Each structure stands twice: as C-alpha cells, then as structure tokens.
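In: below are the sequence and a predicted model; questions follow.
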Amino acid sequence: MSISSAIKSIQDIMRKDAGVDGDAQRLGQMSWLLFLKVFDAQEEELELELDDYREPIPEQFLWRNWAADNEGITGDELLEFVNDELFPELKNLTAPIDKNPRGFVVKAAFSDAFNYMKNGTLLRQVINKLNEIDFTDSNERHLFGDLYEQILKDLQSAGNAGEFYTPRAITKFIVAVANPQLGESIMDPACGTGGFLACAFDHVKANYVKTSDDHQTLQQQIFGVEKKQLPHLLCTTNMMLHGIEVPVQIKHGNTLNKPLSSWDEAIDVIITNPPFGGTEEDGIEKNFPSEFQTRETADLFLQLIIEVLAAPSAGKEGGRAAVVLPDGTLFGEGVKTKIKKMLMDECNLHTIVRLPNGVFNPYTGIKTNILFFTKGTPTKEVWFYEHPYPEGVKNYNKTKPMKFEEFETELAWWGNEADGFAARVENEQAWKVSIDDIIARNYNLDIKNPHVGEVISHDPQELLTDYAKQQADIKAIRDQLKGILSNALQGSANE
C-alpha cells in the first residue's frame, strides 16, 4: 500500500473513534504515533552504527516491542498500556540533555501530547496501517516528507493550521536566495512544522556536505522554536525524517517570552514566516524596549530577528534574514514606523518581493511580502520585485498553488549582494527606491510598481486592505490636527 493510501486509511479509522473529534485531534493522534515509529526506525540505524549504543528510553516503549507486531496487544489491554504506562513514563522520563539527549527529545515531544482514541481495537488498526510504512527506506522517507505537507494543507478545519504552513514554493525560493552554508547557524524562531528548516537542511546537504563529519556539523547548525505543542511535535518528527538524530535544538516555547536585552545569540541565517494578524498575551510586550512595545506578533518577531542576527566580524559578513510579513507592516505607522527605521538603520534591507493575492489560500487572503536584509550596514536603497501570477492564473487556490518554477525569473535577476547587486536592472516587475525617498514617505514601504498603470481591483481582501490604509491615514491627520489645536489652545492660555 502507498503511503498516501495508508494515511487516508488511518484518518478513516480515526473517524470511527468516539474520542477523536475533528481534524486537529486526528493530526495530534497521528503525530505522536508517527514520532515513535520514526524514532524507532532511527534507533535501529544507530544500533548498527554505534559500538557503545544505549537505548534512550525503556526498551518496552520502543515501537518494535509493543506496536510492530500486527497480532500484538489490542483492545483494552492496548489502551491500558498506552494510557497507564507509555504516556506517564515518557512524560516523566529522567533524561538530562547532556547525558541522554535523544531521551530528552522524547520527553519534550510527549510533554503535551495526548492519546485521544478510546477504542483499543481501532487504535491497533491505526498502528497496523503505520506498520505498512518503512521509514528506513530512503525513498519512502522522502515521499513521506512530501505527504507530510499535504496532510497540513488538507487540514483547513484544524483551526489555525495556517499559522504553521508555508507553501513549499516560498520556502524553496527563500532558501535558494539565502543560500545557507555548511557550519552557519540557521534559525526559524517560529518554526511551525519545520518547513524552512527542513528545506535549509536539504539545501546544505545537497550542496556542501561531502563527509560524515560534514553531516554531523549540519545536524548541529539547525535551530528552531515553536510555541504550540502539535506543530512542535510535527517539527521534531520532520527533523528526524530528514536525518537529524538529536533534534534538541528544536525548542518548545514562545521565542518572544524572553527580554530582548537578554539574547546573546548571534545567528548567521534566519528564515521564517512568523505568525501575523494576531496579538501576544499581556505582558509579552514588556520584554521589548518601551518605544517599540506592541502586542502585534509580527512586529515583535521583526525586532527579535534584527537583535539576534550576527553582527559583522573580521572577514565575515553580518547575519542575513528572509522574513514573510503582511502588507500591514509595510504601510503601518506608529510603532511600525519606528521598527522599520531601526531595521533600515541597522540592516541593509536590500530587497522586498511583493507576493500576489492568494499565496496562503485557503488559510488567509492577506497580501504578503518577503523582506531580505543583512545586518551591519544601513540601507541605501531598496529593490522591489512584484511577483506576477503565471500566465492564465488569476488567483492561487488549493488545486492551483504557487509553484517554485515561478521564481526562476527572480532567481535569474537576483544578482550578488557582495557587489551591491550591480547586475540588477529595472524592468516591468522590478524597481528601486532610495532611502531618502523612503524617509520622505515616513518609512512607508507600501510602494506601488511604477511600471504598471492604475488597476481597479474588486478583490474583497484588497478593498479591506485599502480601507485599513485610508483609516490609518485619517487617524494620522486627525492626530496632527489635535496636536495643532492643542498647541494653539495652550498658546492662547499662556497669553
């Protein structure tokens, strides 16, 4: 049976179980099972490779010893084992990160995991379907990586799944441009299920890994943090599928829940699509300087990224970043203006790729952009590139998603940052704006393509965005008038 068929069968079996309610729980249930199976497949490989191998968890909880036999325990006996032994033991596992790092990974993965299924017979059926997938087979493992993304794309009803899925076309384009090297630290501070990190891992492996020592180096250079339990578990499994034996650098927590001043990391490459359109819980903003405090998640992440990027050092360029951000960041005022000024004072914001509508359908219709910047030198000019729809496409959707091949024109145009992108030329899609012009616009980066005439849009999301801009402009004018009136009244009172 193909992996695709096996996964579909698993989902169908879970729908019969009274304890599993909805797609989000089905994915959660499948995730811890997949984790344990992938973990055990990796353990079998390590047993063969290492002379001093020691099991990182009690052997009775390894997949091979309780799940691999299709005629093994089932029904109430299986449920009791999972609920009363496996989960309590793995959640409370004694596994110091320095002495038992793989055990530490298991404990972290199960910290907030839960067995939703209430029918042990159906659980056995699910396990048996998973047994049809051979994770030691490199071809099946690669195919499963593709399917992994498809599962996420299909989970429209899983609430906020859109927060942790970025189309593969965008991750591949960003990684191709960022071009992370062997030995460089690579971080996604809002890593979700690990799409960016997996893509970066594959990029470095394909282009720069030549020896087993290189592979060990690569495993140590991937870092991620994810706030929510489910995507964190999926990310950990994803990293193991890609060949990271001890993904302890994938942390479960809120990256923003730490004072900005206490960060001493110096990261070479940051690639991320931080959550946008939401707000952080009360108090998180206190971790940031008073003049930059806000509860808007994307704004806080942008500050964090600027802070933790490595500064230039002897013979080494500053850290570089590629960040997906909504249009609101470009035209927003107030704190957003201050953050953009800081960005361009401390970094070279050399390129903004403006993405068309529908890239993140069906999750959101918000228009987005990719900001590329390097820390260490202030911005002198910003290049804009407006990514067009392919010929014959008016919008992206589930059946017609964005494809990586669409970025071939951008990649051919991109040029080299080392020579200041000297080879770049303006065309129908590309134009540049000087920092003086940007300052004159009060750091409003929502700059239209000058090569395209005025287009009347009837797209509801664009109309809502335009309305938001108009309201922001009206508020700014109102605040100015209030200030003028207040000064005039104060002057009259003094007289």
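Out: Now that the structure is in, tell me what you want to look at.

In: point out where the stretch 1-150 of the chain drops to low pLDDT.
Out: Scanning the stretch 1-150 of the chain for pLDDT under 70 picks out 1-4, 136-150.

In: also the stretch 301-450 of the chain?
Out: Scanning the stretch 301-450 of the chain for pLDDT under 70 picks out 362-363.

In: which parts of it are helices?
Out: Ranges of helices within the stretch 301-450 of the chain are 327-331, 335-346, 408-414, 435-440, based on DSSP state H, counting those that start in this stretch.

In: identify whichever of the ones you listed lies nearest to K258.
Out: helix 335-346 (18.2 Å; CB to CB). All C-beta atoms are positioned from the backbone trio N, CA, C, and that covers glycine.

In: would you map the strands across the protein?
Out: 186-188, 222-226, 250-252, 269-272, 320-326, 347-354, 368-375, 381-386, 430-434 (DSSP state E).

In: export the helices of the stretch 301-450 of the chain to JSON lines and tack on distance to E184?
Out: Shown next, in JSON lines, are these (distance: least, CB to CB, whole Å):
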{"stretch": "helix 327-331", "distance to E184": "26"}
{"stretch": "helix 335-346", "distance to E184": "20"}
{"stretch": "helix 408-414", "distance to E184": "19"}
{"stretch": "helix 435-440", "distance to E184": "28"}
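
In: deepest-packed of the ones you listed, please.
Out: Mean neighbour count, computed with mean count of other CB atoms under 10 Å, is highest for helix 327-331 among these, reaching a mean of 21.

In: and that helix, what does it pack onto?
Out: helix 297-308, helix 335-346, strand 368-375, helix 460-494 (3 or more CB pairs under 8 Å, 6 or more residues apart in numbering; DSSP states H and E).

In: returning to that earlier point: now the strands of the chain as TSV including distance to N416 and mean neighbour count?
Out: Listed next are these as TSV, based on distance: least, CB to CB, whole Å; neighbours: other CB atoms under 10 Å:
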stretch	distance to N416	mean neighbour count
strand 186-188	20	27
strand 222-226	26	24
strand 250-252	32	21
strand 269-272	17	26
strand 320-326	13	23
strand 347-354	11	23
strand 368-375	12	22
strand 381-386	13	20
strand 430-434	16	16
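
In: how does this protein divide up, domain by domain?
Out: As given by automatic domain parsing, the domain ranges for the chain are 3-136, 161-454, 456-495.

In: returning to what we had before: could you redo the strands of the chain as a markdown table and give each row distance to A169?
Out: A markdown table is the format used below for those (distance: least, CB to CB, whole Å):
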| stretch | distance to A169 |
| --- | --- |
| strand 186-188 | 17 |
| strand 222-226 | 21 |
| strand 250-252 | 24 |
| strand 269-272 | 14 |
| strand 320-326 | 12 |
| strand 347-354 | 12 |
| strand 368-375 | 12 |
| strand 381-386 | 15 |
| strand 430-434 | 19 |
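
In: N444 is nearest to which of the ones you listed?
Out: For N444, the closest of the strands of the chain is strand 430-434, at 10.6 Å, according to CB to CB.

In: report the backbone C-alpha coordinates of that closest one in PDB.
Out: Extracted as PDB, the C-alpha positions of strand 430-434 are listed here (Å, rounded to 0.1, in the frame of the first residue of the first chain):
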ATOM      1  CA  ALA A 430      11.500  45.400 -10.600                       C
ATOM      2  CA  TRP A 431      12.200  48.900  -9.400                       C
ATOM      3  CA  LYS A 432      14.400  50.600  -6.700                       C
ATOM      4  CA  VAL A 433      13.700  53.300  -4.200                       C
ATOM      5  CA  SER A 434      16.400  55.400  -2.400                       C
END
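
In: packing partners of it?
Out: The helices and strands touching strand 430-434, judged by 3+ CB pairs under 8 Å, 6+ apart, are strand 381-386.

In: and the strand it packs on with helix 335-346, angle?
Out: Interaxial angle, strand 381-386 versus helix 335-346 (axes from the mean of the first three to the mean of the last three CA atoms, to 10 degrees): 120 degrees.

In: can you list contacts of strand 381-386?
Out: If you take CB atoms under 8 Å, 6 or more residues apart in numbering as the criterion, strand 381-386 is touched by 349-354, 410, 413, 421, 424, 429-435, 438, 445, 447, 449, 452.

In: ok, now stretch 277-286?
Out: Residues outside stretch 277-286 that contact it (CB under 8 Å, 6+ apart): 163, 254, 256-257, 293-298, 300, 326, 364, 366.

In: likewise stretch 118-135?
Out: Stretch 118-135 is contacted by residues 1, 3, 6, 9-10, 13-14, 16-19, 29-30, 33-34, 37-38, 41-42, 67-68, 70, 72-79, 82, 117, 140-141, 144, 241 when judged by CB under 8 Å, 6+ apart.

In: one more time with 7 Å, if that's ok
Out: Stretch 118-135 is contacted by residues 1, 3, 6, 9-10, 13-14, 16-19, 33, 37-38, 41, 67-68, 70, 74-79, 117, 140-141, 144 when judged by CB atoms under 7 Å, 6 or more residues apart in numbering.

In: how about stretch 252-265?
Out: 108, 111, 189-190, 225-227, 229, 232, 280, 284, 287-289, 300, 303-304, 307-308.
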